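**Student:** Structure for this input, please:
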Amino acid sequence: MRRISVNDDIYFSEIPEEQGPEASSSSKKRRRGSVDRDEKYIEALKDLVLIAQELRKVGGLTALELHRAHAELKSSVLLWMLFKDVPDENKAEFVRELIMT
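**Tutor:** A predicted model of the protein is given here:
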């Protein structure tokens, strides 16, 4: 830090514009971390939308049954994988069994 004397009582400090390689590195890490979080958030939203779309294809379910099924499927990757493997004609029964337990 360099001091510039204006008079005997007042000093101004110059702050270098570039803080060095550490400062730019940490800001890059923050930006990269933010991008990673944003990408994870977007992927999670896509999964939630996909679950909702698949459940809407199942006929004969009430709005409450759809809501409960969505809550169950989004909370378990295993249940979601099982649901996707169930033949379309059996999905309504699968959902009803799922939400009854």
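**Student:** okay, CA-based contacts and neighbour counts for the rest of this
**Tutor:** Will do.
**Student:** State the mean pLDDT of stretch 87-99.
**Tutor:** For stretch 87-99, mean pLDDT rounds to 94.
**Student:** Number of residues surrounding Ile99?
**Tutor:** Residues lying near Ile99 (other CA atoms under 10 Å) number 16.
**Student:** average model confidence for the helix or strand hosting Val49?
**Tutor:** If you go by DSSP states H and E, Val49 is part of helix 21-57. The average pLDDT for helix 21-57 rounds to 81.
**Student:** what packs against the next helix-or-strand element following it?
**Tutor:** Using DSSP H and E, the helix or strand that follows helix 21-57 towards the C-terminus is helix 63-75. On a contact count with 3 or more CA pairs under 8 Å, 6 or more residues apart in numbering; DSSP states H and E, helix 63-75 meets helix 21-57, helix 77-85, helix 91-100.
**Student:** Format these as TSV; extra columns: distance to Ala71.
**Tutor:** Shown next, in TSV, are these (distance: least, CA to CA, whole Å):
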stretch	distance to Ala71
helix 21-57	10
helix 77-85	11
helix 91-100	9
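**Student:** Pick the most buried one from those.
**Tutor:** Mean neighbours per residue, mean count of other CA atoms under 10 Å, is largest over those for helix 91-100, with a mean of 16.
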